[in-house]
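In: coordinates only, sequence not included:
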């Protein structure tokens with residue numbers, strides 16, 4: 001006679017947290033308090049990358065980590081309820097700034113990644129934009145809080161009183177004629193300009209967004225946030241805070257308790 005596995009007590013629940021970026025995929029397993037049980041594992045993002053290859057890559061990483069009961073996976077792009085509306089990088093032939101592959105573009109559009117990951121891993125999976133997971137690890141839950149992640153491109157997430165707002169791809173908005181925030185602040189431009197000139201760009205972008213959001217707190221995260229020059233940070237004011245890139249993993253636990261708008265009936 002077979003028996004179903006005993007339910008896991010909330011205090012014993014383990015979460016696989018995966019941060020999928022344009023250049024690398026990082027993962028670890030956390031306990032209910034958000035403590036990492038092993039140092040994060042990182043592998044280069046493989047290209048070309050159809051959805052099935054990303055699922056297989058995450059499953060391979062998970063196989064080498066401690067067992068988990070659920071997973072939180074952050075991905076770049078526009079996702080709604082675990083379904084891909086649009087994603088950058090992964091639709092290209094060889095990674096960021098390379099040519100878009102029409103077959104990959106079609107393969108990713110409308111793909112239910114929450115269902116695909118769950119079927120592969122064998123437990124519930126929450127799939128969000130990577131900046132939203134990052135934000136889950138840092139927001140206080142009070143007031144209007146904006147999260148901007150600086151990495152391959154620009155990620156964003158907005159929280160009002162701890163409630164996650166519907167995702168907007170701010171990265172695709174023009175910051176000046178024919179130049180998006182992604183292109184203006186992304187890793188390619190940081191390398192071209194150097195940290196000093198790039199930091200000044202960050203300041204101009206932040207000051208341009210301030211009257212749009214009127215945030216109570218702005219968090220700057222992602223792998224490049226630590227490269228912002230101290231003088232630039234001082235000039236941005238006390239309502240702008242740099243947070244560690246590890247939030248993209250640590251947020252994996254808190255993401256499950258985020259209050260999110262429900263899909264409208266219709």
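Out: Received it, and whenever you're ready, just let me know what you need. Everything numeric here is computed off the predicted structure, so don't read it as measured data. Numbers count the residues shown, from 1 in each chain.
In: For the one helix or strand residue 232 maps to, which outside residues touch it?
Out: Per DSSP states H and E, residue 232 falls inside helix 230-236. Residues from elsewhere that reach helix 230-236 (C-beta atoms under 8 Å, 6 or more residues apart in numbering): 199-200, 202-203, 206-207, 240, 242. For every residue, glycine as well, the C-beta is placed using N, CA and C.
In: Tell me how far it lies from the chain's centre.
Out: 25 Å (C-alpha atoms, centre = their mean, to the nearest Å).
In: immediately after it, which helix or strand?
Out: Using DSSP H and E, the first helix or strand after helix 230-236 is strand 240-242.
In: For that following strand, buried residues please.
Out: 240, 242 (16 or more other C-beta atoms under 10 Å).
In: Can you lay out the contacts of helix 230-236 as a markdown table showing secondary structure, distance to residue 90 and pLDDT?
Out: Shown next, in a markdown table, are the contacts of helix 230-236 (DSSP: H, G, I helix; E, B strand; the rest coil; distance: C-beta to C-beta, whole Å; pLDDT from 0 to 100):
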| residue | secondary structure | distance to residue 90 | pLDDT |
| --- | --- | --- | --- |
| 199 | helix | 29 | 98 |
| 200 | helix | 31 | 97 |
| 202 | helix | 25 | 97 |
| 203 | helix | 30 | 97 |
| 206 | helix | 28 | 97 |
| 207 | helix | 32 | 97 |
| 240 | strand | 30 | 97 |
| 242 | strand | 27 | 95 |
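In: Quick one, which of those are buried?
Out: Applying 16+ other C-beta under 10 Å to these flags 199-200, 202-203, 206, 240, 242 as buried.
In: and which of those is nearest to residue 170?
Out: residue 206 (12.1 Å; C-beta to C-beta).
In: my guess is that closest one contacts residue 213, does it?
Out: No. Under the criterion of C-beta atoms under 8 Å, residue 206 is not in contact with residue 213, lying 10.2 Å apart.
In: Now name the helix or strand holding residue 28.
Out: strand 24-30.
In: Run me through the strand neighbours of the helix or strand just after that strand, direction for each.
Out: Downstream of strand 24-30, the first helix or strand assigned by DSSP H and E is strand 41-44. Applying DSSP bridges, strand 41-44 is found paired with strand 24-30 (antiparallel).
In: can you list the residues that contact the partner strand?
Out: 14-19, 36-45, 57-58, 61-62, 65-68, 248-250, 252-253.
In: if we can go back for a sec, average pLDDT for the helix holding residue 232?
Out: For helix 230-236, the mean per-residue pLDDT is 95.
In: Run through the residues that contact residue 244.
Out: 221, 226.
In: tell me which residues in the strand holding residue 28 are buried?
Out: For strand 24-30, by 16+ other C-beta under 10 Å, it's 25-30.
In: ok, of those, which one's closest to residue 174?
Out: residue 25 (29.7 Å).
In: beta partners for the closest one?
Out: residue 20, residue 43.
In: Read off the pLDDT value for the residue most central in space within the chain.
Out: By C-alpha atoms, centre = their mean, the chain has its centre lying nearest to residue 130, at 1.0 Å. Listed pLDDT for residue 130 reads 93.
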